[in-house]
Every structure is written in C-alpha cells, then in structure tokens.
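Participant: Next comes the sequence, and after it the predicted model I'd like to discuss.
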Amino acid sequence: MTSAAQRPGAIMVAVLYGLCCHIAFIAGVGAMMVVLFTGMTWGLGRLPAPWSWLADAFLLVQFPLLHTAMLSRPGGAVLRRLAPSGLGAALMPTTYALIASLQTGLLFLGWTPIGGVLWQAHGITLAIFATCYAGAWLLLLKAILDAGFALQTGLLGWRAVVRNQAPVYPPMPTRGLFRVIRQPIYVAFALTLWTVPTVTPDGLVVALVLTAYCVTGSMVKEARFARRFGPAFAHYRARTPFWVPFMPGRKG
C-alpha cells in the first residue's frame, strides 16, 4: 500500500498500466480470432523466404517459452521489476497479462503466410466449423470467468493499486468448467486451434506447436498448484479428470 503523498502518482501509473494491458488484451485476442480463423493467411508479415521461415519460427517459439518463463520464480522476480518501485508486486498480474497480450498480437499479426490453402470449408460445412469455432471461444471465455476474470485479464493488479489494497488472488478454481476437467482453459484454447474452417500448412504447424504447449503448460501448472495448494489440490486432482471428462482424475 502507498502513503497519501504517493497515492496520486501510484493511481496514475496503475491506470496507465491497466489501460495498456486491456487495449493489448483486446487487440491480441481479436487478432488471434481473425487470423487463426483464416488459417494464418491474414498475417501481416511480408518477409521473403528464408527470412519468413525464421521469423515465423521465432514468433511461434517465443509464445510458449516466454509464457512459461514468466510463471516461474525467476520470471516473477523480473515482472516485479517492470513497474515503478513499490508497485511491482501489486501490478504483477497486470504486467503479465500485458506482456502475454503483446506476445499474442505479435504472433498472429506478425505472421508471414507461407503455404497455400490445403482445404477450405464452404456452405453448410463452413457454418458447422464457424459454429464450433465460436463455441470453442465461448468455452474459453467461460473457463476464464471460472478461473477468475480479474486475474486472467490483468484487472486484479491495477485495480488493487487504485484501491490502495494488496491484490487478493482467487482461490484454487474448482467451480464451473473446473468441476468437469482440471484444465479447461488449456483445453478450450486447443479447441480454437482445431475448429478453423481453413486448413493451411501454417495453421497446422501453429496448431501442433500450441497444442503441445497446452499439454505441457497444463502439467507445469499442475506442479505449481500442487506446491501452492498441497492436499487440497491432491484431493481435487484425484476426483477430477485432467483434460477429458469422465476419465480418472489421477491419469493427468
């Protein structure tokens, strides 16, 4: 918490971080929704080969690697230094969401299309795929709400500074979709990758790499939750499936 003399400056910094975070979040998610739907053909990158291959590979690899690194203890220490002194810890959720959103926008807007279209849905098939794609995004939104909207969108950090309070992190999520499987955010994210109506080599590579990240990211998250919540998570894990409903929970 900040003193009365520091309050105006702290509020200005927090609001600025929050504004940047939410603009980047909307832009990044919007870019992902549109570019992914087109099979990565609407990426704005226009580098010639072989530079396009190198650039796309970098864009794809930076997404899971930096995401994972920021959630580690050393990554958290770095995040706490990315805000003015005294606000770093409180603004860490906002800083994380801001960087993650910038990564998302960079990946999908900066992508240079390489391969041609292998298959594209039309007519009723297009309607079916579009419905499934929209459904996957609605599942992702529901999972984010169940996990804690303020935390997932970065609102938690800057709002706490404005209120001159320490951030109150949500408890271990067990309600909503988390009653059905333990990792609904990662599952819904993976579903958005595989319900697109345009199939390209670019889209397949992105889907494969990011699906692998979703699986490994789920495992890393479970290890982090096991350390943080101990017996409570062990009990939850034993009775709740990992990715697939109705399968034994301990198999994840």
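Facilitator: Structure's in. What do you need?
Participant: Now do the strands in this protein.
Facilitator: Per DSSP state E, the chain carries strands over the ranges 119-120, 198-199.
Participant: which helices and strands does the lowest-mean-pLDDT helix or strand in the chain pack with?
Facilitator: Lowest mean confidence among the helices and strands of the chain (mean pLDDT, DSSP states H and E): helix 73-80, at a mean of 93. Helix 73-80 sits against helix 51-70, helix 92-109, with contacts defined as 3 or more Cβ pairs under 8 Å, 6 or more residues apart in numbering; DSSP states H and E. Using the backbone N, CA and C atoms, a C-beta is placed for each residue, glycine as well.
Participant: buried stuff in that helix?
Facilitator: 75, 79 (16 or more other Cβ atoms under 10 Å).
Participant: Just want the angle from that helix to helix 51-70.
Facilitator: Angle, helix 73-80 to helix 51-70, by axes from the mean of the first three to the mean of the last three Cα atoms, to 10 degrees: 90 degrees.
Participant: closest one to Ser218 among the helices and strands packed on helix 73-80?
Facilitator: With respect to Ser218, and counting by Cβ to Cβ, the nearest of the helices and strands packed on helix 73-80 is helix 51-70 at 11.5 Å.
Participant: any idea of the mean pLDDT in the closest one?
Facilitator: Averaging pLDDT along helix 51-70 gives 96.
Participant: Tell me the buried residues in it?
Facilitator: Those would be 52, 56, 59-60, 63-64, 67, 70, for helix 51-70 by 16+ other Cβ under 10 Å.
Participant: Go ahead and flag the most central residue of the chain.
Facilitator: With distances taken as Cα atoms, centre = their mean, Ala100 lies nearest the centre of the chain, 6.7 Å away.
Participant: so how far is Trp243 from that one?
Facilitator: Ala100 is 22 Å from Trp243, where distance means Cβ to Cβ, to the nearest Å.
Participant: Tyr17 too?
Facilitator: Taking Cβ to Cβ as the measure, Tyr17 falls 34 Å from Trp243.
Participant: Same drill for those two, tell me which one is more crowded.
Facilitator: Tyr17 (23 against 17; other Cβ atoms under 10 Å).
Participant: Could you check how far that one is from Leu87?
Facilitator: Distance from Tyr17 to Leu87, by Cβ to Cβ: 8 Å.
Participant: so where is the stretch 151-252 of the chain shaky, pLDDT-wise?
Facilitator: 248-252 (pLDDT under 70).
Participant: just the helices in it please.
Facilitator: 155-162, 184-194, 201-229, 231-239 (DSSP state H, counting those that start in this stretch).
Participant: Highest mean neighbour count out of those?
Facilitator: A comparison of the helices of the stretch 151-252 of the chain by mean neighbour count, using mean count of other Cβ atoms under 10 Å, puts helix 155-162 on top with a mean of 23.
Participant: residues near the closest residue in space to Pro170 that isn't next to it in sequence, how many?
Facilitator: Of all residues not flanking Pro170 in the chain, Gly148 sits nearest, at 3.6 Å (Cβ to Cβ, 6 or more residues apart in numbering). Neighbourhood size, Gly148 [other Cβ under 10 Å]: 16.
Participant: dump the residue contacts of Gly148.
Facilitator: Residues near Gly148 by Cβ atoms under 8 Å, 6 or more residues apart in numbering: 156, 169-170, 173.
Participant: what separates it from Tyr169, distance-wise?
Facilitator: From Gly148 to Tyr169 the distance is 8 Å (Cβ to Cβ).
Participant: Now list whatever residues contact both of these two.
Facilitator: Leu156.
Participant: ok so, going back, can you list the strands of the chain in TSV and add mean neighbour count and distance to Ala134?
Facilitator: Below are the strands of the chain laid out as TSV (neighbours: other Cβ atoms under 10 Å; distance: least, Cβ to Cβ, whole Å):
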stretch	mean neighbour count	distance to Ala134
strand 119-120	13	18
strand 198-199	18	15
